[in-house]
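Asks: Kindly return the folded structure for what I paste below:
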Amino acid sequence: MIATASFAQGADPLAIGRSLGVAIGAGHKIASTDIAKGSEVIKFGASIGFASQHIEAGSHVHSHNCVFALHSNNMPIGSALNEASTAIPEMKPRQFQGFERADGSVGTRNMIALIATVNCSATVIRRAVSIVEASGLLDQYPNVDGIMACTHMSGCGMSTKGAGWDNLQRVLWGYATHPNVGAAVFVGLGCEVMQIARLRQIYGGAETEERFFGLTIQDIGGTAKTIERLVAYIKEILPQVNKHERSSCDVSKLKVALQCGGSDGYSGITANPALGRASDMLVGFGGTVVLSETPEIYGAEQLLLARASSKAVGERLLEKLAWWRGYAEQNNASLDNNPSPGNKAGGLTTILEKSLGAVAKSGATPLMAVLDYAEKIDGPGLVFMDTPGFDPVSATGQIAGGAQLVVFTTGRGSAFGSKPAPTIKLATNDRLWRHMQDDMDLNCGDIVSQGVTIEDKGEELLELIIEVASGARTKSESLGFGDYEFVPWQVGAVM
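Replies: A predicted model of the protein is given here:
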């Protein structure tokens, strides 16, 4: 068994370690009792692995004596659904200041997006965006929150069917139709596989023809002329995009993406549970929260399966996990190759421990749906989207699905930011909050150091989410992050 309750009460783990004759860093674990070789190592009532050797009480528990192995504590699909249903809190209606769109969706930002259909048009797009930003033109339009360059490394040399094709199509169209985007421009080379006309044929209709503008470098007559045409078009549409104004909108319209990266031993006891509490309240308002990163729920999936709203939802999650096991094997990898070196330095020992903390972001309400990567997010409640664990790829899928905000917990520190959906970053510990103040939006370390309750921190986070949804800028927005974090998931052969 692992005892960490003393850490959660604000005691100094370094001092505890010294008193036991153990050199141990913040966020790490100490055995509260003898653990026999081969026995499960239990933290907060859940298995995080098995003892690879006999562990004496008071010893440091980490990679040298605790190893990954799946445990047998599986819960039947839906076995905790009744309990999960009662976890949905009753919330009085709340409003935020958002941008109402013609299709009924609501944006938290009003941006212009230049979207490359292929890597060949990436430089042209970035050049056009930099010219507009440097001109100061955007300062004349207070209702326009900015312009973004959605560029990527694919769009050609790929199959026209299969997961990679489907992923990229959904991402490109999802960003173009995102509620945080007031106008979108598709830019292609002209001869690529991912054709603008085909995107419109598959996803569009008469109602979209007036909203989007598309051009290709080959049709315009080269890169310089295309840049000139893009800048001219942006100047032309800015007055129209600026006509959109914020108005009172119901919090039930929010779709919030849940992310964690650079996690540490405190993630699962501070920021992630606080985000879980905020997630429950958002569900109580009738909103949507989106958990993702399939490889990082591995070993803790039973906690979601037990809350599945139907057998079909649970089986779909199991199908996704089975696909990932096969995918990892095909590439000579394993899902238990997590945590990263930084995670381990921060106190996380196995993927089981990391996954248990990651699932805490989802709160306690029922799992309503399991979605494909970048699939449109429909319906309220907690949903799961199948994505890699790599933060930029995962968040790109969530945003393409319609998430208007991202909440991102980190214990080691993260430089992540996103567009057009802003990212709110939570520090799991006081040291990180002090050390990376320019990057963190909220400190959750005071749950340990000051005894702030998970409930109170969750309510504080909820207020911050509503403020940001209403236009308050996050730290990553102020730093200008988000263009290079647009990373669609590439699956399949590059030919």
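Asks: which residue packs closest to G164, ignoring adjacent ones?
Replies: G492 (3.6 Å; Cβ to Cβ, 6 or more residues apart in numbering). To be clear about C-beta, it is placed using only N, CA and C from the backbone, and glycine gets the same treatment.
Asks: cool, M436 as well?
Replies: If the residues on either side of it in the chain are set aside, M436 comes closest to G413, at 5.0 Å by Cβ to Cβ, 6+ apart.
Asks: Touching, I377 and K253? I think so.
Replies: No - contact between I377 and K253 fails when scored by Cβ atoms under 8 Å: they sit 11.8 Å apart.
Asks: Give me the common contacts of these two.
Replies: Shared contacts of I377 and K253 (Cβ atoms under 8 Å, 6 or more residues apart in numbering): none.
Asks: Flag the shaky bits of the stretch 201-350 of the chain, pLDDT-wise.
Replies: 204-211, 337-338 (pLDDT under 70).
Asks: and stretch 436-452, which residues are buried?
Replies: Buried positions in stretch 436-452, judged by neighbour count with 16 or more other Cβ atoms under 10 Å: 436, 439-449, 452.
Asks: do the same with stretch 86-97
Replies: A87, I88, M91, R94, F96, Q97.
Asks: Can I get those in JSON lines including pLDDT and distance to I217?
Replies: Formatted as JSON lines, these follow (pLDDT from 0 to 100; distance: Cβ to Cβ, whole Å):
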{"residue": "A87", "pLDDT": "97", "distance to I217": "53"}
{"residue": "I88", "pLDDT": "98", "distance to I217": "51"}
{"residue": "M91", "pLDDT": "97", "distance to I217": "50"}
{"residue": "R94", "pLDDT": "97", "distance to I217": "46"}
{"residue": "F96", "pLDDT": "98", "distance to I217": "40"}
{"residue": "Q97", "pLDDT": "98", "distance to I217": "39"}
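Asks: okay, now the residue nearest to M436: neighbour count?
Replies: 18 (other Cβ atoms under 10 Å).
Asks: Could you shift the numbering so residue one becomes 831, and keep it that way?
Replies: Sure thing, new numbering starts at 831, so read that last one as G1243.
Asks: On the three-state scheme, it is what?
Replies: Classification of G1243 using DSSP: H, G, I helix; E, B strand; the rest coil returns coil.
Asks: H1265 is in contact with that one, correct?
Replies: Yes - the pair G1243 / H1265 is scored as a contact, 7.3 Å apart, by Cβ under 8 Å.
Asks: Quick one: residues contacting the residue lying closest to M983 once chain neighbours are set aside.
Replies: Distances taken as Cβ to Cβ, 6+ apart place N949 nearest to M983, at 5.2 Å, with adjacent residues excluded. Listed by Cβ under 8 Å, 6+ apart, the contact partners of N949 are T981, H982, M983, S984, G985, C986.
Asks: separation between N949 and G985?
Replies: 6 Å (Cβ to Cβ, to the nearest Å).
Asks: Ok, E930 next?
Replies: Taking Cβ to Cβ, one finds E930 at 32 Å from G985.
Asks: neighbour count winner among those two?
Replies: Taking other Cβ under 10 Å, E930 and G985 do not tie; G985 has more neighbours (23 against 17).
Asks: From A1225, how far out is the more buried one?
Replies: 20 Å.
Asks: hang on, V1071 packs against G1012?
Replies: Yes - here V1071 reaches G1012: they are 4.1 Å apart, a contact under Cβ under 8 Å.
Asks: Which neighbours do those two have in common?
Replies: Contacts common to V1071 and G1012, judged by Cβ under 8 Å, 6+ apart, are N940, I942, V974.
Asks: which secondary structure element contains the spatially closest residue to F1016 that is not a sequence neighbour?
Replies: Leaving aside its sequence neighbours, F1016 sits nearest to G1044 (Cβ to Cβ, 6+ apart; 4.1 Å). With elements taken from DSSP states H and E, the one containing G1044 is strand 1042-1046.
Asks: repeat for Q1132
Replies: helix 1131-1135.
Asks: in that helix, what counts as buried?
Replies: Buried-residue list, helix 1131-1135, by 16+ other Cβ under 10 Å: E1131, Q1132, L1133, L1134, L1135.
Asks: Pick out whichever of those sits closest to S1164.
Replies: The closest of those to S1164 turns out to be E1131 (Cβ to Cβ; 16.2 Å).
Asks: And that closest one, how far from L1186?
Replies: 11 Å.
Asks: Now do the strands in the stretch 881-1030 of the chain.
Replies: 890-891, 896-897, 925-930, 936-937, 941-946, 976-980, 1011-1018 (DSSP state E, counting those that start in this stretch).
Asks: wait, which of those strands is closest to G1177?
Replies: strand 890-891 (9.9 Å).
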